[in-house]
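[1] For reference, the sequence and a predicted model appear below.
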Amino acid sequence: MILRVLLTPALVAVTLSGCNSGGASVSGSGSESAGSSSGTSSLWERVKSLGFETGKTYEMPALGLMADAFLADWNARDLPVDLGLILLQARDGRRPPMNQAIAALVEPTRKEYRETPPAARDKESPLDADHRLYTLPIVVAMQPRTGWEVYAIDDRVTDPRFDTPFFRAHRAPPRYDEELHLRYMEMLAASAIYTNTVFGLIDKELGTSRLADPDEAQRRVLAAFQAIPATTLKAALDDASRQVVGGSFSTDLTGSGNIHFTHSPAGDFVADPRGLTWTKAGGVWFGDGRISGQSINLRLASTASLSQRQAASGTQGTNADAKVEGSGSVGPGR
């Protein structure tokens, strides 16, 4: 539960008088208020012992801060943003589901990690080899998208009205690849489900502690992720894949400009400039600020580091509106 941040003198006086069995008094006379500095120090220590926090407390969307942490880590390692599409390339005549493609990269990633000088790899990321690899579905889920990246219209069948000798002679070769289309939707859906699970575990680890600023929050997010056993991450990705491999996909190609498809029984998925949004049972389950259907915030003492990054880059990036305890909603740094 979030503590109140502004303490009126009356509140301090009532609280202290209710639990005071001696020491400095705050009910006081003029002589008491003019007491020694040691009395003031003792009073301050007593206030701190009650657990009060001074200053403002900002609440910022946990989803946005977690996404920023993983995207920044990915960028620091200078990896291609479209690595998800690279995973969908055919191998030995087939395109494996994303969880199998990632499992095949575990040993090569560990080998590369061992061969990199410790100082260089630690500068890139605080994560070990396995955890670096298992950030990939999170990046897939959270990176902005503006439209389908694979050909999603089945152009293999000719409309009978145009099935003429001239049309057949001059028709462009079909571009549609059904397996690629299905694997692409599976990848996005599984990434959303996996990321929701991982972010839930991170939120449980962070709890309700009050963090210094967005930079500290991002460091704590990655530390909490590193603390999750790699076997747990693999199991979470395998489970997400099992939920969407197979079943029934329906693709929305109505021209909205976003990627939109549904899967029965997993739910409805949209990929747009905000990343992936997963809706099930009539409500947003992941994305749009929600994790497992809940709007979850992280508590910060300051948003200064975020304001400085925005000023330097000229962009806001992830929704960074912060709710300030006791005073509604303001932007960061106010």
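    That came through fine.
[2] just the strands in the stretch 151-300 of the chain please.
    All strands of the stretch 151-300 of the chain, identified by DSSP state E, counting those that start in this stretch, fall at 210-211, 248-252, 259-264, 267-272, 275-280, 283-287, 290-291, 294-295, 297-300.
[3] would JSON lines of these with distance to residue 153, mean pLDDT and mean neighbour count be doable?
    Quick note: C-beta positions are derived from backbone N, CA and C, even for glycine. Below are the strands of the stretch 151-300 of the chain laid out as JSON lines (distance: least, CB to CB, whole Å; pLDDT from 0 to 100; neighbours: other CB atoms under 10 Å):
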{"stretch": "strand 210-211", "distance to residue 153": "46", "mean pLDDT": "86", "mean neighbour count": "18"}
{"stretch": "strand 248-252", "distance to residue 153": "9", "mean pLDDT": "92", "mean neighbour count": "14"}
{"stretch": "strand 259-264", "distance to residue 153": "13", "mean pLDDT": "94", "mean neighbour count": "18"}
{"stretch": "strand 267-272", "distance to residue 153": "17", "mean pLDDT": "94", "mean neighbour count": "22"}
{"stretch": "strand 275-280", "distance to residue 153": "22", "mean pLDDT": "95", "mean neighbour count": "22"}
{"stretch": "strand 283-287", "distance to residue 153": "26", "mean pLDDT": "96", "mean neighbour count": "20"}
{"stretch": "strand 290-291", "distance to residue 153": "31", "mean pLDDT": "96", "mean neighbour count": "21"}
{"stretch": "strand 294-295", "distance to residue 153": "36", "mean pLDDT": "94", "mean neighbour count": "12"}
{"stretch": "strand 297-300", "distance to residue 153": "41", "mean pLDDT": "90", "mean neighbour count": "22"}
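[4] Could you report the separation of residue 149 from residue 271?
    Taking CB to CB, to the nearest Å as the measure, residue 149 falls 9 Å from residue 271.
[5] wait, residue 228
    Taken as CB to CB, the span from residue 228 to residue 271 is 25 Å.
[6] cool, and residue 173?
    From residue 173 to residue 271 the distance is 28 Å (CB to CB).
[7] Out of the strands of the stretch 151-300 of the chain, which is closest to residue 178?
    strand 248-252 (10.5 Å; CB to CB).
[8] and the closest one, which strands flank it?
    strand 259-264 (antiparallel) (DSSP bridges).
[9] CA atoms only for the strand it pairs with, dumped as PDB, please.
    Extracted in PDB, the C-alpha atoms of strand 259-264 (Å, rounded to 0.1, in the frame of the first residue of the first chain):
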ATOM      1  CA  ILE A 259      -1.700  -6.400 -37.600                       C
ATOM      2  CA  HIS A 260      -4.900  -8.000 -36.300                       C
ATOM      3  CA  PHE A 261      -5.800 -11.700 -36.000                       C
ATOM      4  CA  THR A 262      -7.700 -14.000 -33.700                       C
ATOM      5  CA  HIS A 263      -6.900 -17.400 -32.400                       C
ATOM      6  CA  SER A 264      -9.400 -19.900 -31.000                       C
END
